[in-house]
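Chemist: Please work out how this folds:
(one chain, ligands or ions: 1)
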Amino acid sequence: MQERIGDVYRLDLGLTKLWVLTRPEHAQHILQNNARNYRKGDHFDTPLRSVIRNGSAVSDLAKWRALRSIALPYFQGDRLSDLPIFVDAAWRSLEGVIAEHCALGRPLNLSRLMECASVSVACQQFGFGVPTYPELVAYLDAIKTLMYGDSPLFFATRLFPWAPLPSRAHLQQAAVQVRQIVTSWIATRLKQDDPRDDFCNALLRLVSQDIPAVQGDSAVLAAMLYDELFQILLAAHETVSAGLAWTTWLLSSHASIRENVAAEIDARPNWAIESAPAYLDGVIKESLRLFPPAWRITRRAIEDDTIGRFTVPAGAPVMLFVFGLHRHPDFWPAPNAFHPERFFGATRHDLGWQWMAFGAGPRSCIGGDMAVIEMKLILAWLMRRYRITPVAPPPLDSRVNLAVTLRLRRPQYVHLHRSSAVPPSFA
Ligand code: HEM
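Modeler: Next up, the predicted model:
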């Protein structure tokens, strides 16, 4: 059952009613003006909870405040200056697999390649070094099982946590695997005993300040760090890889825009982060508008609240439908068209509350700057090194998968042909 009042929708979910909001002023109200009245973390985050466990991005307010203030500086400004080196290293580590496929004339799963590249960049930004391809595949397969399920019983497993379904053992196995891989990355980092001022060391100070006795035991520390660190790692690669998959998908069906991007990248073989190509910047932001990886932002009202003409009752779940807001005809002319020019020269401030790709307010994304720079670098490296020919575009009618992040329903397969003999270098 659905009821529509202007741009506010109320969906009857049986035991509760979900308020769905689609206007910039709604976003401003919930995420900023009356943010105190809206709690993050509820049943919509259930699939995430099994993987994130006690991570504070999901709920605990005091823990979240401490973690956020520690993490924020490590994902902004000068702290991003090594991203070009990380992107180089990520792609170079994937070149062997790409070459194997090319030699056999086999198509490559571009969506999976983007996932590998973005996990690798995030791992390096966290100080874990460059993961191997088999490590990346094992990690990504386990994440996929946990978050999106690979069996028809996946949702039944989630809905009826007490039922002894066979798929549960599979999920538990995947959860153990994710934990083992991430804990081993953290442990390797800790064994290096690297004194530099990075996010990992800052976090280490945070988690061990109450328990100085465990300092020096890297296995115990790695386990303690896992909860806090893993949620940010996941936030860093799930969204970026989804954004990259949509961007390459859009470019594959817009030849003239693709040619403009290629020309701009060729004309500027090296660029400093702060003066990155403007056209590519527009392409990334427009792609994040049309297909925002974080397609909805959910909260729960603490007390009754009035939004415009409506009263949202205490306890009601509220969803800011970012996908709908980004295509709202009152705010975006030709809302469904791919027009990167809309963003030329536009600052975050100019975009106001109608572009919510990274959320806003006290719980806005801490990695928005990193994400946009990283996406530009990953895409530019790939396009300079290879000519990308799609095997077949996914059918238009079934392309969107409204999962935890907005995903292509089916992965995009491509052939890659080397167009430059030497790998590009932004470093
Ligand atoms: C295209 C890429 C990305 C998109 C679309 C995206 C989107 C978002 C959005 C919409 C939120 C706010 C959610 C809410 O208000 O409930 C958020 C939060 C967050 N993002 Fe991102 N994000 C991206 C990349 C990253 C990266 C690279 C990092 C790594 C540092 C990151 C870390 C986080 C964290 C830790 C939060 C939780 C912040 C808090 O609760 O205080 N994200 N992200």
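
Chemist: got the contact list for the residue in the chain that the ligand sits nearest to?
Modeler: Distance from the ligand to each residue of the chain (Cβ to the nearest ligand atom) is smallest for residue 367, at 2.2 Å. No exception for glycine: its C-beta is placed from N, CA and C like everyone else's. Contacts for residue 367 (Cβ atoms under 8 Å, 6 or more residues apart in numbering) come out as 75, 232, 235, 236.

Chemist: Ok, residue 372 next?
Modeler: Contacts of residue 372 by Cβ under 8 Å, 6+ apart are 281, 284, 285.

Chemist: Please confirm that it is located within a helix.
Modeler: Yes - counting by DSSP: H, G, I helix; E, B strand; the rest coil, residue 372 is located in a helix.

Chemist: Just the pLDDT for it.
Modeler: The model reports residue 372 with a pLDDT of 94.

Chemist: what separates it from residue 129, distance-wise?
Modeler: 24 Å (Cβ to Cβ, to the nearest Å).

Chemist: Repeat that for residue 233.
Modeler: 14 Å.

Chemist: If you count surrounding residues, which of these two has more?
Modeler: Higher neighbour count among residue 233 and residue 129: residue 233, with 20 against 14, using other Cβ atoms under 10 Å.

Chemist: and residue 194, that's in a helix?
Modeler: No - counting by three-state DSSP, residue 194 falls outside a helix, being coil.

Chemist: For the contacts of residue 372, which single residue is the most surrounded?
Modeler: residue 284 leads the contacts of residue 372 on contacts (other Cβ under 10 Å) with 26 neighbours.

Chemist: Close to the ligand: what parts of the stretch 201-350 of the chain are there?
Modeler: 232, 235, 236, 239, 240, 243, 293, 294, 297 (Cβ under 6 Å from any ligand atom).

Chemist: Now that residue 90 has come up, it's in contact with residue 120, right?
Modeler: Yes - counting by Cβ atoms under 8 Å, residue 120 is a contact partner of residue 90 at 3.7 Å.

Chemist: Would you state the strands of the protein in chain order?
Modeler: Taking DSSP state E as the test, the strands found in the chain are 2-5, 8-12, 17-21, 38-39, 108-109, 296-301, 305-307, 310-312, 317-321, 386-390, 400-402, 406-408, 413-418.

Chemist: ok, how many other residues are close to residue 98?
Modeler: So residue 98, with other Cβ under 10 Å, has 17 neighbours.

Chemist: dump the residue contacts of it.
Modeler: Per Cβ under 8 Å, 6+ apart, neighbours of residue 98: 108, 113, 386, 416.

Chemist: run the last query once more with 7 Å
Modeler: 108, 416 (Cβ atoms under 7 Å, 6 or more residues apart in numbering).

Chemist: so how far is residue 261 from it?
Modeler: In terms of Cβ to Cβ, residue 98 sits 20 Å off from residue 261.

Chemist: cool, residue 186 as well?
Modeler: With Cβ to Cβ as the criterion, residue 186 and residue 261 are 37 Å apart.

Chemist: These two: which is more packed in?
Modeler: Per other Cβ under 10 Å, whichever of residue 186 and residue 261 has more neighbours is residue 186, with 27 against 24.

Chemist: Quick check: the residue of the chain closest to the ligand vs residue 121, distance?
Modeler: For residue 367, the distance to residue 121 - Cβ to Cβ - is 11 Å.

Chemist: what does residue 339 give?
Modeler: 28 Å.

Chemist: Those two: who's more crowded?
Modeler: More crowded of residue 339 and residue 121, by other Cβ under 10 Å: residue 121, with 28 against 16.

Chemist: Tell me which residue is most central in this structure.
Modeler: residue 239 (1.4 Å; Cα atoms, centre = their mean).

Chemist: so what's it up against?
Modeler: For residue 239, the contacting residues are 293, 294, 371, 405, by Cβ under 7 Å, 6+ apart.

Chemist: hang on, isn't the last one packed against residue 293?
Modeler: Yes - between residue 405 and residue 293 there is a contact at 4.4 Å, judged by Cβ atoms under 7 Å.

Chemist: and the helix of greatest length in the chain, what's its mean pLDDT?
Modeler: Of all segments of type helix in the chain, defined using DSSP state H, the longest is helix 218-252. The pLDDT scores in helix 218-252 average 88.

Chemist: got it, and stretch 201-208?
Modeler: 80.

Chemist: just how off-centre is that stretch within its chain?
Modeler: Once both centres are worked out by Cα atoms, centre = their mean, to the nearest Å, stretch 201-208 turns out to sit 24 Å from its chain's centre.

Chemist: Show me what that stretch is in contact with.
Modeler: Contacting residues not belonging to stretch 201-208 are listed as 66, 70, 74, 214, 215, 221, 224, 225, 228, 229 [Cβ under 7 Å, 6+ apart].

Chemist: between those, which has the most around it?
Modeler: Neighbour-wise, those (other Cβ under 10 Å) top out at residue 229, 26 neighbours.

Chemist: Surely it touches residue 186?
Modeler: Yes - contact status for residue 229 versus residue 186: in contact at 6.4 Å, counting by Cβ under 7 Å.

Chemist: Would you check how far apart residue 303 and residue 311 are?
Modeler: Distance from residue 303 to residue 311, by Cβ to Cβ: 11 Å.
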